[in-house]
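Asks: Turn this into a structure:
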Amino acid sequence: MALIPDFLGSFLLKHPFLTFVVVILLSILLFVYYILYLLTGGLIRPHFSPALNLPGPKSPSYLWGNVKTIRDLLPGQAHHEWYEQYGDVFAYKGFFGTNRICTHDVRALQYVLNHGEEFTKPEEVRNTLKKLGGEGLIWAEGAVHKRQRRVVLNAFNNNNVRQLTEVIWEKALELRDVWFSRIGKSAAAARASGQKFAMGEAPSMTVDGLDWIAKLTFDIMGLTGFGFDFNYINIDNLDAEEQDADELVKAIKQAVESGDNPSFLAFIGAMLPRSKMLLRLPFISKKEKIAAEAHDTMHALGLKLLQEKKEEILKLGPNEEQRSDLCSLLVRANMSPDVPESLRLSDEDVVAQIPTFLIAGHETTTTTVAWALYIIATNPEIQNKIRREIITSLPGSSMSAVPFTPFTPFSPFHGRESHPEFEALNDHPYLDAFIKEVLRLYPALPVSRRVATKDCVIPLSPEFPGIKCKDGSIAHQIRVQKGDGIDIATASINLSKTFFGEDAAEFKPERWLGANQEKLHTMLPSIMPNLMTFLGGSRACVGYKFAMAEIKIVIYTIIRNFRIELPDPDMEIIRKNDAIVSRPLVKGQSGNQLPLRIRRV
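Replies: Predicted coordinates for the structure are as follows:
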């Protein structure tokens, strides 16, 4: 809900001078409000927190705290260095001297994840999520979160995910066909210009792997999310007018990109509620305004889509089973007479899930697949192992014991195509181990932030030796004050030698195979065994099975059909702390990208 009613906003927009006066007055009021906030609590409370007695790094700045250190290093690096220096429990400073506590202790992590009412997302994080995607599942807290999660979780059950994987196969193979075609055209052009290929040399081309995987996941999210094909994979074949026709794609891209390189003013903007009038304040960034416009577009299109789904279901009746996209599943479940009125989602709740699913699912999956392709491109031995496992499982191979499903042709390349059944995706142990290792060392979200809603005590594991506090005492529990931040440092936990052994920093898929897997720490409070990337408890990723299936299918399809490598062996691909996810970059170049040279197998 807007802070200022629309009718008042419209009136002010028609009177520029009055609007200017109101903006100045609001700026002064907000400044005074914030000063009062600092004097009455924000400035004083952190100086009385028990977190001050915990070990941790010194703060170089009251304004920034240790946040700039985190941003300047690789994703998760600062937390991991502090963990190695100060132990399993430490504290550092956030903006304006706020306290943030981080722990690797299993029982403490479990307590935080299972007590969602005591540890919620910080208000500035929730405001940002709301501005990007509305009041969806990743924004919601408390009773609203429970109600939304109950309905959304049902949409991600095994049966529904099984149906949705057919769409993923179709789109993954469509990407394959586009690459086949482009390589063929590139080779034909090269031959026409006089270039000759050596005997056995396969033609190749260079692509931006990040960009192509982003297109692929957009298409997958559109079809599995609400039954709409963006056809983004083929966007280069469309004219400029057609490329710009899809408002939703543009809105999502703008929303995601608006979070890149957040400034201090962006942090201030994130603390403010959304309002048309507040967007006119002088310190509100251009990115903040772009995000607001993107949200309005997604919301309007979401309402239209919701109405279409309702009409479709009412027309076809309760036994309609043709649509298996998540929006249809949500609407159908919400309209069921078996669902009590108190547990139903409002239209606004349902609409909010659409951008939530698209933004969260698209960004995290794109980033994970991109890093997987980077590892494959720079490790030929790993690439060959994955391909060998895939080929030996194909129908007709003497070693194949994997159930396959005939593939319905939809392009000239797919005439004799088949693919593993949903459950059989797990019958590729090395591929499965490889993806788990990518998720471990390249988590899309390196840190998940929480804030204490009240004074409380977080228990530690019985075997924990205790926290060596600054005053020399030994603490066997973590005392937390209302307002203290709690960081679930996924990237750092995934690097812990306690959980993954002395070689925890190495990329080693074998750690997930056979007897090696039995050595892993099995007590992590995560929805996926031994891996914190999808979190756990009430805030665990509801779509992790869908995400795993999507990642496996995309990698399976690419490696089955292409050999990939970096265009230049000396090219350095680096990671960066972006606002939402940590995407790849080429060192010395601007913009997120992952150049890959691909050639047909």
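
Asks: Which stretches in the stretch 351-500 of the chain count as helices?
Replies: Here the stretch 351-500 of the chain has its helices, by DSSP state H, counting those that start in this stretch, at 380-392, 429-441, 490-493, 497-500.

Asks: Pick the most deeply packed of those helices.
Replies: Across those, averaging neighbours per residue (mean count of other Cβ atoms under 10 Å) puts helix 490-493 on top, at a mean of 26. (C-beta placed from N, C-alpha, C; glycine too.)

Asks: now for that helix, which elements pack on it?
Replies: helix 77-86 (3 or more Cβ pairs under 8 Å, 6 or more residues apart in numbering; DSSP states H and E).

Asks: can you tell me which helix in the chain is longest?
Replies: helix 158-192 (DSSP state H).

Asks: before we move on, back to that, quick one: which of the helices of the stretch 351-500 of the chain is nearest T165?
Replies: helix 429-441 (14.9 Å; Cβ to Cβ).

Asks: chain center to that closest one: distance?
Replies: Centroid displacement of helix 429-441 relative to its chain, using Cα atoms, centre = their mean, to the nearest Å, is 17 Å.

Asks: and what of stretch 454-474?
Replies: Going by Cα atoms, centre = their mean, where stretch 454-474 is centred and where its chain is centred differ by 32 Å.

Asks: In TSV, list the helices of the stretch 351-500 of the chain along with mean pLDDT and distance to D338.
Replies: Listed next are the helices of the stretch 351-500 of the chain as TSV, based on pLDDT from 0 to 100; distance: least, Cβ to Cβ, whole Å:
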stretch	mean pLDDT	distance to D338
helix 380-392	94	43
helix 429-441	97	36
helix 490-493	95	37
helix 497-500	91	42
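
Asks: Quick one: closest of the ones you listed to P569.
Replies: Closest to P569 of the helices of the stretch 351-500 of the chain, according to Cβ to Cβ: helix 380-392, at 11.2 Å.

Asks: Report the backbone C-alpha coordinates of the closest one in PDB.
Replies: What follows is helix 380-392, C-alpha atoms only, in PDB (Å, rounded to 0.1, in the frame of the first residue of the first chain):
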ATOM      1  CA  PRO A 380      38.700 -30.900 -19.200                       C
ATOM      2  CA  GLU A 381      38.900 -34.000 -17.000                       C
ATOM      3  CA  ILE A 382      35.700 -33.200 -15.100                       C
ATOM      4  CA  GLN A 383      34.000 -32.400 -18.500                       C
ATOM      5  CA  ASN A 384      35.100 -35.700 -19.900                       C
ATOM      6  CA  LYS A 385      33.800 -37.600 -16.800                       C
ATOM      7  CA  ILE A 386      30.400 -36.000 -17.000                       C
ATOM      8  CA  ARG A 387      30.100 -36.700 -20.800                       C
ATOM      9  CA  ARG A 388      31.300 -40.300 -20.400                       C
ATOM     10  CA  GLU A 389      28.700 -40.900 -17.700                       C
ATOM     11  CA  ILE A 390      26.000 -39.400 -19.900                       C
ATOM     12  CA  ILE A 391      27.000 -41.400 -23.000                       C
ATOM     13  CA  THR A 392      27.200 -44.700 -21.200                       C
END
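
Asks: Return the list of helices and strands in contact with that helix.
Replies: helix 347-378, helix 429-441, helix 544-561, strand 562-565.

Asks: Now do it: everything it contacts.
Replies: If you take Cβ atoms under 8 Å, 6 or more residues apart in numbering as the criterion, helix 380-392 is touched by 375-377, 397, 399-400, 428-431, 434, 509, 555-556, 559-560, 563-565, 601.

Asks: Could you figure out how far that helix is turned away from helix 347-378?
Replies: Using axes from the mean of the first three to the mean of the last three Cα atoms, to 10 degrees, the direction of helix 380-392 lies 110 degrees away from that of helix 347-378.

Asks: Compare the helices and strands packed on helix 380-392 and say which comes out lowest on pLDDT.
Replies: Here the helices and strands packed on helix 380-392 differ in mean pLDDT, and the lowest is helix 347-378 at a mean of 88.

Asks: List the buried residues in that one.
Replies: For helix 347-378, the neighbour count (16 or more other Cβ atoms under 10 Å) marks 349-378 as buried.

Asks: and if you look at stretch 49-65?
Replies: Quick answer for stretch 49-65 (16+ other Cβ under 10 Å): S49, P50, A51, L52, N53, L54, G56, P57, S59, W64, G65.

Asks: sorry, back to before: take the helices and strands packed on helix 380-392 and lay them out in JSON lines including distance to R147.
Replies: Compiled in JSON lines, those are given as follows (distance: least, Cβ to Cβ, whole Å):
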{"stretch": "helix 347-378", "distance to R147": "8"}
{"stretch": "helix 429-441", "distance to R147": "29"}
{"stretch": "helix 544-561", "distance to R147": "21"}
{"stretch": "strand 562-565", "distance to R147": "44"}
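
Asks: ok so, going back, packing partners for the longest helix of the chain?
Replies: Using 3+ Cβ pairs under 8 Å, 6+ apart: helix 158-192 touches strand 204-208, helix 209-226, helix 326-335, helix 544-561, strand 595-600.

Asks: Highest mean neighbour count out of these?
Replies: Of those, helix 209-226 is the most buried (mean count of other Cβ under 10 Å), at a mean of 24.

Asks: helices or strands up against it?
Replies: Partner elements for helix 209-226 (3+ Cβ pairs under 8 Å, 6+ apart): helix 158-192, helix 326-335, helix 347-378, helix 544-561.

Asks: any idea of the mean pLDDT for it?
Replies: Mean per-residue pLDDT for helix 209-226: 90.

Asks: just the angle between that helix and helix 544-561, please?
Replies: 130 degrees.

Asks: how far away is S186 from V369?
Replies: 23 Å (Cβ to Cβ, to the nearest Å).

Asks: so how far is stretch 119-136 from its chain's centroid?
Replies: With Cα atoms, centre = their mean, you get 14 Å for stretch 119-136.

Asks: circling back: can I get the helices and strands packed on helix 209-226 in a markdown table with distance to N234?
Replies: Output for these, formatted as a markdown table (distance: least, Cβ to Cβ, whole Å):
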| stretch | distance to N234 |
| --- | --- |
| helix 158-192 | 7 |
| helix 326-335 | 23 |
| helix 347-378 | 18 |
| helix 544-561 | 17 |
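
Asks: circling back to that earlier point, so which of the helices of the stretch 351-500 of the chain is nearest K576?
Replies: Nearest of the helices of the stretch 351-500 of the chain to K576, taken as Cβ to Cβ: helix 490-493 at 13.2 Å.

Asks: for the spatially most central residue of the chain, what are its contacts?
Replies: For the chain, T364 is the residue whose C-alpha lies nearest the centre (Cα atoms, centre = their mean; 3.0 Å). Residues near T364 by Cβ under 8 Å, 6+ apart: A444, L445, A547, V581.

Asks: Same question for S538.
Replies: L113, N114, G116, H145, K146, R149.
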